[in-house]
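*Asks:* Give me the fold of what follows.
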Amino acid sequence: MRLKSVYVNQSVDIANKLFMTIPFILGNKLWKGFFRHKLVMTVSLITAIVIPISVYKYIDAKLDLLNNSVAKASNFASMAMQESVSFSSLFEGGNKWLVIILIQMLVVYFSNRTIEVLSGVTIDISGKEMIKSQFRNIIVVIRNWVLELVIGVGIAILIGILGPAWMEDVLKYAVGCYFVGYVFIDNYNNTFGLTIKESAVVVRHHAGAALVVGLVAKILLLLPVVGALLVSFICSVAATWYMHSNVDNHAGEIAFAE
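*Replies:* As a prediction, the model looks like this:
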């Protein structure tokens, strides 16, 4: 019961910070200095190009499926249309993980600016450190993607035996939210030199916060293009703010310390 209460408190805490994120960003002008980071700007430009292309290809593929279905039978076409716009279909395969990889540089930037505001220090992150952060993000994303698939299989087997069937989608979605939120908390941990293994322990201790920030990220990703940009600063700022305000925080002065 006590553990449940801890996770509930974490969820409430991160929810409050998510609600206050936009005023926090505007009040502290977190975008200042953005254009000085050429690497961030370059990756942001690539992201702005790649994500719309991915969205276009996704929609085009769905339209082809729908047209083929219409040619076969009207009933089947109706089912295909429902599937094409369903909530879960927007996150087929690893699409959400690709977006999270692409926005990593933006996540690092806004996370660092949040730490600067909260700590009153200036974080000097080199291009080398940002690239290392990007590679770490790829490793964590692959790890989480695999774990999400494995746990999803376990859930399907368990629910197939015990039921009810509707619980399968709910549990799988919750697991997906956790692993998406995990990435933003891991980014904070990486800033202060925690290894992936060490970070995993910390994130598990903040599972309630990871679940909520991941839920918000997945909902925002429903918005083509702009959703990815919103996730990059709303979720990164909220997760960093949350982590920097609890017992697992670190002094801003040691950010990216060698």
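
*Asks:* mind listing the helices for the stretch 51-200 of the chain?
*Replies:* All helices of the stretch 51-200 of the chain, identified by DSSP state H, counting those that start in this stretch, fall at 74-84, 95-102, 104-119, 127-162, 166-191, 196-205.

*Asks:* now for the ones you listed, which one comes closest to residue 222?
*Replies:* helix 95-102 (10.4 Å; Cβ to Cβ). C-betas here are computed from N, CA, C, even on glycine.

*Asks:* Mind checking which residue lies nearest the centre of this structure?
*Replies:* Geometric centre of the chain, nearest residue: residue 180, 4.1 Å, by Cα atoms, centre = their mean.

*Asks:* To which secondary structure element is the nearest residue to that one once chain neighbours are set aside assigned?
*Replies:* Nearest non-adjacent residue to residue 180, counting by Cβ to Cβ, 6 or more residues apart in numbering: residue 214, 3.7 Å away. Using DSSP states H and E, residue 214 sits within helix 207-220.

*Asks:* now for the helix or strand just after that helix, which elements pack on it?
*Replies:* As assigned by DSSP H and E, the chain's next helix or strand after helix 207-220 is helix 226-243. Counting contacts by 3 or more Cβ pairs under 8 Å, 6 or more residues apart in numbering; DSSP states H and E, helix 226-243 packs against helix 2-28, helix 95-102, helix 104-119, helix 166-191, helix 207-220.

*Asks:* which ones are touching the nearest residue to residue 33 once chain neighbours are set aside?
*Replies:* Distances taken as Cβ to Cβ, 6+ apart place residue 113 nearest to residue 33, at 7.4 Å, with adjacent residues excluded. Shown in contact with residue 113 (Cβ atoms under 8 Å, 6 or more residues apart in numbering): 28, 30, 32-33.

*Asks:* hmm, try it at 10 Å
*Replies:* 25, 28-34, 123, 233, 236-237, 240 (Cβ atoms under 10 Å, 6 or more residues apart in numbering).

*Asks:* Many thanks, we can stop here.
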